[in-house]
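*Asks:* How does the following fold in three dimensions:
(4 chains)
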Number of protein chains: 2
Amino acid sequence: MVRMSAEERRESVIRAATIEFARGGYHGTSTEAIAKRVGVSQPYLFRLFPGKKAIFLAAAARCVEETIRTFDEAAEGLRGEEALHAMANAYTKVIAEHPERLLMQMQMYVAVGAAEEEGDHEFGAAVREGWMRLWDTVHLPLGADAGETTNFLAYGMLINCLVAMGFPPEHRVWEGMYPSARDTGRLRK
Amino acid sequence: MVRMSAEERRESVIRAATIEFARGGYHGTSTEAIAKRVGVSQPYLFRLFPGKKAIFLAAAARCVEETIRTFDEAAEGLRGEEALHAMANAYTKVIAEHPERLLMQMQMYVAVGAAEEEGDHEFGAAVREGWMRLWDTVHLPLGADAGETTNFLAYGMLINCLVAMGFPPEHRVWEGMYPSARDTGRLRK
DNA sequence: CCAGTAAGTTAGTACTTAATCACTAACTAC
DNA sequence: GTAGTTAGTGATTAAGTACTAACTTACTGG
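*Replies:* So this is what the prediction gives:
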């Protein structure tokens, strides 16, 4: 048994939860599965977090932070087409190294409807706020062009969906993605 | 009690299931919720379908059919930019009248990972096949241009995500969507 | 009118799972 | 060393849920 500070454990839980929730979504993931991945007993999760929902929220929030940071760092000091390429490349790297982040984002989005249904309006608001922060993050480097920003994010969402569907990297759906992204994602000033 | 033929009932179940699964996803939707919406007892669902999974599959398949048919009919006899506008308008109409179809699509996509995990490789394959049929459906009217097709579908996926997140129609994220779709989605021949 | 069939229900089972409670083991300061 | 705190577990529970089996009600053809 490896003892950790509660704060460190919470970190591990967030990482494990991201992977598990990314696969199964909120309802398709048991707290036991998360606990197993962390290497800790299931009841202990409820010492670290007030409930399952709080774990999901923490994982979702973290996921948004990291995505925003990824784009922010990639575009640092760059503008226009250069920023576009830098951010696209950064995202490509995330796809390869942390696909769970894309899937977790999808799970966040689809979880909004259910949360709204059960009276939780804060969750949807938080997700939308995260999206707008992401929007603003890429907006400025892309020349403060709304059309360009929307286009960039549209390709991002398509990528998320294709990854979720499990299309292998060599599949033809990926063709026309990057050339096209460069082409149709050109900057009009 | 209104009696129906089993076939008609199955139809009702598929429609009800689409709405329920669209909100809650596979695991977040109980067969009881579906039965309630149909107006039938919960166990009777298992006479009409072999199990919950079969209901989800039927709803998902139907959803894909209808989306493909929507584009197919909208683009009938049109090519290039005209087809693009016709299909975009048709999709706009679906957003307003049948948002559950967009949400169900999202739920399908995110369900692939979990299905794969539990050894069901056919589901993912079916979803990908549906996607490719959709791809081919819009590919030809858009001038058999892979970049154009990808672009069109990218905007579609962005729309799906924004709808899932619950952005109201007047929100600024929608600005730059249609102008931009017209603009960046222009046809290069 | 009645026999067969198809539509539908009520009651119940087996199982999963989020959350609680009482308890134990390890670290830390004095 | 020992007192107090912090990390962690085992046992349990209550609620929910997919699915089964046995029974009932309505329609239909001869």
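
*Asks:* Pick out the least confidently modelled helix or strand of chain A, by mean pLDDT.
*Replies:* Ranking every helix and strand in chain A by mean pLDDT, DSSP states H and E puts helix A:178-184 at the bottom, with a mean of 46.

*Asks:* Just give the number of residues close to residue A:158.
*Replies:* Neighbours of residue A:158 under the rule other C-beta atoms under 10 Å in any protein chain shown: 24. (C-beta placed from N, C-alpha, C; glycine too.)

*Asks:* Look up the closest residue to it, ignoring the ones flanking it.
*Replies:* residue B:154 (3.9 Å; C-beta to C-beta, 6 or more residues apart in numbering or on different chains).

*Asks:* And for residue A:132?
*Replies:* Per C-beta to C-beta, 6+ apart, closest to residue A:132 is residue B:173, 7.3 Å.

*Asks:* Tell me which residues touch the one you found, please.
*Replies:* Residues counted as contacts of residue B:173 (C-beta atoms under 8 Å, 6 or more residues apart in numbering or on different chains) are A:131, A:132, A:135, A:150, B:162, B:167.

*Asks:* Give me the buried entries from the residues you listed.
*Replies:* Buried by 16 or more other C-beta atoms under 10 Å in any protein chain shown: A:131, A:135, A:150, B:162, B:167, out of the contacts of residue B:173.

*Asks:* so which of these comes closest to residue B:81?
*Replies:* residue A:150 (19.1 Å; C-beta to C-beta).

*Asks:* Tell me how many other residues crowd residue A:113.
*Replies:* When neighbours are defined as other C-beta under 10 Å, residue A:113 has 23 of them.

*Asks:* show me what contacts it?
*Replies:* Residue A:113 touches B:22, B:23, B:24, B:103, B:164, B:166, counting by C-beta under 8 Å, 6+ apart.

*Asks:* at 7 Å instead, please
*Replies:* Residue A:113 makes contact with B:23, B:103, B:164, according to C-beta atoms under 7 Å, 6 or more residues apart in numbering or on different chains.

*Asks:* Buried among the residues you listed? Need that as a selection in PyMOL.
*Replies:* A single PyMOL command selects the buried members of the contacts of residue A:113 (16+ other C-beta under 10 Å):
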select buried, chain B and resi 23+103+164
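
*Asks:* Narrow the contacts of residue A:113 to those in helices?
*Replies:* Taking DSSP state H, the ones among the contacts of residue A:113 that sit in helices are B:23, B:103, B:164.

*Asks:* What's the first helix or strand after the lengthiest helix in chain A?
*Replies:* Counting by DSSP H, the longest helix found in chain A is helix A:52-74. As assigned by DSSP states H and E, the chain's next helix or strand after helix A:52-74 is helix A:80-97.

*Asks:* With adjacent residues omitted, what lies nearest to residue A:40?
*Replies:* Closest residue in space to residue A:40, ignoring its immediate chain neighbours: residue A:9 at 7.0 Å, by C-beta to C-beta, 6+ apart.

*Asks:* what's the distance between the one you found and residue A:84?
*Replies:* As for residue A:9, its distance to residue A:84 is 39 Å (criterion: C-beta to C-beta, to the nearest Å).

*Asks:* When those two are compared, which one has more neighbours?
*Replies:* Neighbour totals were compared for residue A:9 and residue A:84, and residue A:84 leads with 25 against 18 (other C-beta under 10 Å).

*Asks:* hmm, back to that, now tabulate the contacts of residue A:113 in CSV and tack on distance to residue B:43 and pLDDT.
*Replies:* Shown next, in CSV, are these (distance: C-beta to C-beta, whole Å; pLDDT from 0 to 100):
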residue, distance to residue B:43, pLDDT
B:23, 23, 97
B:103, 27, 98
B:164, 32, 97
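
*Asks:* now stretch A:158-165, how far from the centre of its chain.
*Replies:* 12 Å (C-alpha atoms, centre = their mean, to the nearest Å).

*Asks:* Could I get the pLDDT score of the closest residue to residue A:64 other than its chain neighbours?
*Replies:* Once flanking residues are discounted, residue A:64 sits nearest to residue A:130: 4.0 Å by C-beta to C-beta, 6+ apart. You'll see residue A:130 listed with a pLDDT of 98.

*Asks:* One more: the one 4 residues further on?
*Replies:* In the prediction, the pLDDT value recorded for residue A:134 is 98.

*Asks:* Secondary structure class of it, three-state.
*Replies:* Three-state call for residue A:134 (DSSP: H, G, I helix; E, B strand; the rest coil): helix.

*Asks:* All set now, cheers.
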